[in-house]
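Undergrad: structure, please.
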Amino acid sequence: MKICMPTMGKEGLNEKVHNHFGSAKYFTIYDTESKEITSVENENLHHSHGACQPLQAISNQNVDIVLTSGMGGRAIQILNNGGVKVYILEGDTVKEAIEKFESDSLKELTPEIGCQSHGCH
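TA: Okay, the predicted model is just below:
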């Protein structure tokens, strides 16, 4: 399974996570089977509100799960339609976020509650 998180850099497990998926500079992808970490630059970083293209940025990475503190409802719906589940990220680093996910304690982020956790409506 591949888990994708928004990050500001490419420092692997020690990288700090970013609070909003669409405006992160990078996406860090962790493969739970191989333990491999990949960083992908977000080429859609400067999009207008509501125009985030989450699948475009990670389309060739075969991501199964996205962990994020904030994402708009439309982006969540696009990811869900593409077979990707979205969960509310907990932790300050990639390592902490993965540990929280693996503990099975994260809440799924749905289009109905998207964007609420970081104050946009």
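Undergrad: which residues of this structure score low on pLDDT?
TA: Judged against pLDDT under 70, the low-scoring parts of the chain cover residues 44-55, 114-121.
Undergrad: just the strands in it please.
TA: With DSSP state E as the criterion, the chain has strands at 2-7, 26-31, 37-41, 65-68, 85-88.
Undergrad: export those to a markdown table and tack on mean neighbour count and distance to residue 106?
TA: C-beta coordinates here come from the backbone N, C-alpha and C atoms, glycine included. Shown next, in a markdown table, are those (neighbours: other Cβ atoms under 10 Å; distance: least, Cβ to Cβ, whole Å):
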| stretch | mean neighbour count | distance to residue 106 |
| --- | --- | --- |
| strand 2-7 | 23 | 11 |
| strand 26-31 | 22 | 14 |
| strand 37-41 | 16 | 19 |
| strand 65-68 | 25 | 7 |
| strand 85-88 | 18 | 4 |
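Undergrad: and the spatially closest residue to residue 71 that is not a sequence neighbour, how far from residue 35?
TA: In this structure, residue 71 finds its nearest non-sequential neighbour in residue 21, 4.4 Å apart by Cβ to Cβ, 6 or more residues apart in numbering. Between residue 21 and residue 35 the computed distance is 23 Å (Cβ to Cβ, to the nearest Å).
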